[in-house]
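Got a sequence here, can you build the structure:
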Amino acid sequence: MLYGFALSLFLVSTGFLAIRWAFHRPPKIFYRVVLGGMAARFAVIGICLYVVRRAGNVDIYGFVGAVMASYVVLQILEVRFIQTEQPRRISDANERN
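Purely as a prediction, here's the structure:
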């Protein structure tokens, strides 16, 4: 389960940093970072699931359960971050114009 929590924390942390970086970029870049980041994170999860399944010494059900539970909670926090930062982004854009 620890591996699952660590993987989720790593993925959400990198996603958070990427979104934070993209906030002050044009909308096209922002949405590419958000959607591309989601696709990349799902790919990493898939690869990790494959590796864990092949390793055989890790409880696959505990790993998947930990990844899913912690990833959902951390995704909720990430969405809340975007919602709180979005009005600031809009006001910054309006001030520049």
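
C-alpha from now on. contacts and neighbour counts both.
OK.

Kindly tell me how buried Ala43 is, as a neighbour count.
12 (other CA atoms under 10 Å).

Sort out which residues of the helix or strand where it lies are buried, please.
Ala43 is part of helix 27-55 when elements are defined by DSSP states H and E. For helix 27-55, the neighbour count (16 or more other CA atoms under 10 Å) marks 30, 33-34, 37, 41, 45, 48-49, 52 as buried.

which residues are contacting stretch 24-40?
15, 18-19, 22-23, 89 (CA atoms under 8 Å, 6 or more residues apart in numbering).

So what's the gap between it and the chain middle?
Averaged C-alpha coordinates place stretch 24-40 at 12 Å from its chain's average position (CA atoms, centre = their mean, to the nearest Å).

export that stretch as CSV, just CAs?
Below are the C-alpha coordinates for stretch 24-40, written out as CSV (Å, rounded to 0.1, in the frame of the first residue of the first chain):
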residue,chain,number,x,y,z
HIS,A,24,0.4,32.3,-16.2
ARG,A,25,0.7,31.0,-19.7
PRO,A,26,-1.9,31.4,-22.5
PRO,A,27,-5.1,29.3,-22.3
LYS,A,28,-4.0,27.0,-25.1
ILE,A,29,-0.8,26.0,-23.2
PHE,A,30,-2.7,25.8,-19.9
TYR,A,31,-5.2,23.3,-21.3
ARG,A,32,-2.5,21.3,-23.0
VAL,A,33,-0.7,21.0,-19.7
VAL,A,34,-3.8,20.0,-17.8
LEU,A,35,-5.0,17.4,-20.3
GLY,A,36,-1.6,16.2,-21.3
GLY,A,37,-0.7,15.8,-17.7
MET,A,38,-3.7,13.7,-17.0
ALA,A,39,-2.9,11.4,-20.0
ALA,A,40,0.7,11.1,-18.9
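
In the protein, which helix is the longest?
The single longest helix within the chain, with elements called by DSSP state H, is helix 60-96.

tell me the average confidence for it?
Averaged across helix 60-96, pLDDT comes to 77.

packing partners for it?
Where contact means 3 or more CA pairs under 8 Å, 6 or more residues apart in numbering; DSSP states H and E, helix 60-96 is packed against helix 2-22, helix 27-55.
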